[in-house]
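Asker: this one's sequence-less:
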């Protein structure tokens, strides 16, 4: 049994642009500055916000998604990650009540599952008394959500703040635990899929770390950190959780899995990699940008990222490309998600430049007309490294590219989607030999076949 009773608080927003991500980054840093062990969580299946959380706290951020994960998995992930922490901070997604279908997949659903006290971030730009109406409306919408505090963001003046605070406390009866003035320094670098990931920010954006430090200073000056910690400690106890996802075994003992990990590829859920390790497999990082060849491995996992931004470096690294081609010829199991799919294509065409890639996927990647953000669910259509045909699969897709396939070539797809776009018409996962390359991302709690089925394929290859 895993103890789940860790002080916790959830920061939710009234909308996507409320500023909660930047505030959470500053709060995590401020709490770490007090010498606390802080465990971060992110509601929904995001990679970029968690990269900040992990970097700031030194503890791997975990994702919690009430649509893709059954309640037992959400509670187990929380309990497992929070072990040894002094406080857990959960960042919500979008507006508090936005979900896939009603409550399902919403920040509010996670708040209720974990009995987490909620601190509500309000974009107070140009409103004062209306702040009270907004807060009261959100509180009354679902009385099961435990509203314990409000943070007013983007406030214009001291008079603005005092008027809003008075009206919120008068009409909503909830305390204001922080006021953040409008400040251009309370912003992090953005691009077409959201925030710039930490690894890229540290290497390509001058003053990146100084900006994050300044955000911490503003948050420390603006929030009542002691009261926020008190709220976290007032969270009601949670029952202990029996291990299900996090079970150790020797199923993958001796198997070495190469995982692409560098500036171009760093979108991974820590749980996926941890499940490999718990099964006894060895995770072996390698860099498609910097390394000239693959390490000695029994399988390859290439996650998401921004290969389009590093297309020149990837294309010029012919040693790695040749190594991947030879691995595929030897039927080494290869699983690639999104950015990995882009890298395995023949070319990436982006912002007027075309760069040759690995060429295992018969298509050209280019910037799409729309940004695709969606849950996906469907089934595996043919036996492959992800599992046997007929297996139900759930995940998500998040990309601004599209793959234009060569219509002259016959392409086999591993995944048929009942919901989602995939590569083309609900078909996803180009399947060629022991390779599957898809736009869909999967999590070990949303598809229990991963990484077990992939390890099984790697083990079979090793024993040949």
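Answerer: Yes, it's here. Computed from a predicted structure; not experimentally measured. Numbering: from 1, shown residues only.
Asker: report how many residues lie close to residue 163.
Answerer: Residue 163 has 15 neighbours, counted by other C-beta atoms under 10 Å. C-betas here are computed from N, CA, C, even on glycine.
Asker: from here on, count from 27
Answerer: With 27 as the first residue, the last one maps to residue 189.
Asker: assumed it was part of a helix.
Answerer: Yes. Assessed by DSSP: H, G, I helix; E, B strand; the rest coil, residue 189 belongs to a helix.
Asker: so how many other residues sit close to the closest residue to it other than its chain neighbours?
Answerer: Leaving out its chain neighbours, the residue that sits closest to residue 189 by C-beta to C-beta, 6 or more residues apart in numbering is residue 154, at 4.4 Å. A count of neighbours around residue 154, defined by other C-beta under 10 Å, yields 20.
Asker: residue contacts, residue 154?
Answerer: Counting by C-beta atoms under 8 Å, 6 or more residues apart in numbering, residue 154 makes contact with 186, 189, 190, 193.
Asker: tell me the most packed of the residues you listed, by neighbour count.
Answerer: residue 190 (24 neighbours).
Asker: now do the host helix or strand of residue 285, average pLDDT.
Answerer: Assessed by DSSP states H and E, residue 285 sits inside strand 282-286. The average pLDDT within strand 282-286 is 98.
Asker: also stretch 409-420?
Answerer: 98.
Asker: got the buried residues for it?
Answerer: Judged by neighbour count using 16 or more other C-beta atoms under 10 Å, the buried positions of stretch 409-420 are 410, 411, 412, 413, 417, 419, 420.
Asker: distance to residue 350 and secondary structure for those - can I get that in CSV?
Answerer: Converted to CSV, the buried residues of stretch 409-420 look like this (distance: C-beta to C-beta, whole Å; DSSP: H, G, I helix; E, B strand; the rest coil):
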residue, distance to residue 350, secondary structure
410, 18, strand
411, 15, coil
412, 19, coil
413, 23, strand
417, 26, coil
419, 25, strand
420, 28, strand
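Asker: for those, which one is nearest residue 483?
Answerer: residue 411 (4.2 Å; C-beta to C-beta).
Asker: so what's residue 147 up against?
Answerer: Shown in contact with residue 147 (C-beta under 8 Å, 6+ apart): 37, 38, 39, 40, 44, 45, 46, 49, 176, 177, 179.
Asker: part of a strand, is the first one?
Answerer: The one in question is residue 37. Yes. According to three-state DSSP, residue 37 belongs to a strand.
Asker: my read is that it contacts residue 145, right?
Answerer: Yes. Using C-beta atoms under 8 Å, residue 37 is in contact with residue 145, at 5.2 Å.
Asker: of those two, who's got more company?
Answerer: Set side by side, residue 37 and residue 145 show more neighbours around residue 145, with 29 against 24, by other C-beta under 10 Å.
Asker: coming back round to it: tell me which two in the buried residues of stretch 409-420 are the farthest apart.
Answerer: Counting by C-beta to C-beta, the most remote pair of these is 411 and 420, 17.7 Å apart.
Asker: for residue 49, what is the enclosing helix or strand?
Answerer: Going by DSSP H and E, residue 49 is in helix 46-59.
Asker: list the buried ones in that helix?
Answerer: Buried-residue list, helix 46-59, by 16+ other C-beta under 10 Å: 46-58.
Asker: and what of stretch 244-263?
Answerer: 244-246, 248-251, 253-258, 261.
Asker: show me which of the residues you listed is closest to residue 85.
Answerer: residue 258 (15.7 Å).
Asker: any common contacting residues for residue 37 and residue 145?
Answerer: Common neighbours of residue 37 and residue 145, using C-beta under 8 Å, 6+ apart, are residue 177.
Asker: how about the contacts made by residue 477?
Answerer: 283, 298, 301, 302, 305, 307, 470.
Asker: what ranges does the stretch 77-226 of the chain have for its helices?
Answerer: For the stretch 77-226 of the chain, applying DSSP state H, counting those that start in this stretch gives helices covering 97-108, 133-139, 155-167, 184-197, 224-230.
Asker: just name the most buried of these.
Answerer: helix 133-139 (a mean of 24; mean count of other C-beta atoms under 10 Å).
Asker: in JSON lines: the contacts of residue 477, plus neighbour count and distance to residue 390.
Answerer: Shown next, in JSON lines, are the contacts of residue 477 (neighbours: other C-beta atoms under 10 Å; distance: C-beta to C-beta, whole Å):
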{"residue": "283", "neighbour count": "24", "distance to residue 390": "29"}
{"residue": "298", "neighbour count": "21", "distance to residue 390": "28"}
{"residue": "301", "neighbour count": "24", "distance to residue 390": "34"}
{"residue": "302", "neighbour count": "25", "distance to residue 390": "32"}
{"residue": "305", "neighbour count": "21", "distance to residue 390": "36"}
{"residue": "307", "neighbour count": "25", "distance to residue 390": "34"}
{"residue": "470", "neighbour count": "23", "distance to residue 390": "32"}
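Asker: of those residues, which belong to strands?
Answerer: By the criterion of DSSP state E, membership of the contacts of residue 477 in strands covers residue 283.
Asker: in helices only, show me the contacts of residue 477.
Answerer: If you go by DSSP state H, the contacts of residue 477 have 298, 301, 302 in helices.
Asker: quick one: contacts for the last one?
Answerer: Spelled out, it's residue 302. 278, 283, 309, 477, 481.
Asker: the same query, at a cut-off of 10 Å, please.
Answerer: 278, 281, 283, 285, 308-309, 325, 327, 470, 476-478, 480-481, 484 (C-beta atoms under 10 Å, 6 or more residues apart in numbering).
Asker: and the second one, by the same measure?
Answerer: For residue 301, the contacting residues are 271-273, 278, 295, 307, 469-471, 474, 476-478, 480-481, by C-beta under 10 Å, 6+ apart.
Asker: most neighbours of all those, which one?
Answerer: Among the contacts of residue 301, residue 477 has the most neighbours (other C-beta under 10 Å), with 30 neighbours.
Asker: any idea how far residue 44 is from it?
Answerer: Plainly put, residue 477 is 36 Å away from residue 44 if you go by C-beta to C-beta, to the nearest Å.
Asker: now swap in residue 172 and tell me
Answerer: For residue 172, the distance to residue 44 - C-beta to C-beta - is 19 Å.
Asker: neighbour count: these two, which is higher?
Answerer: Comparing residue 172 with residue 44 by other C-beta under 10 Å, the one with more neighbours is residue 44, at 24 against 17.
Asker: since that was my last question, I'll sign off now.
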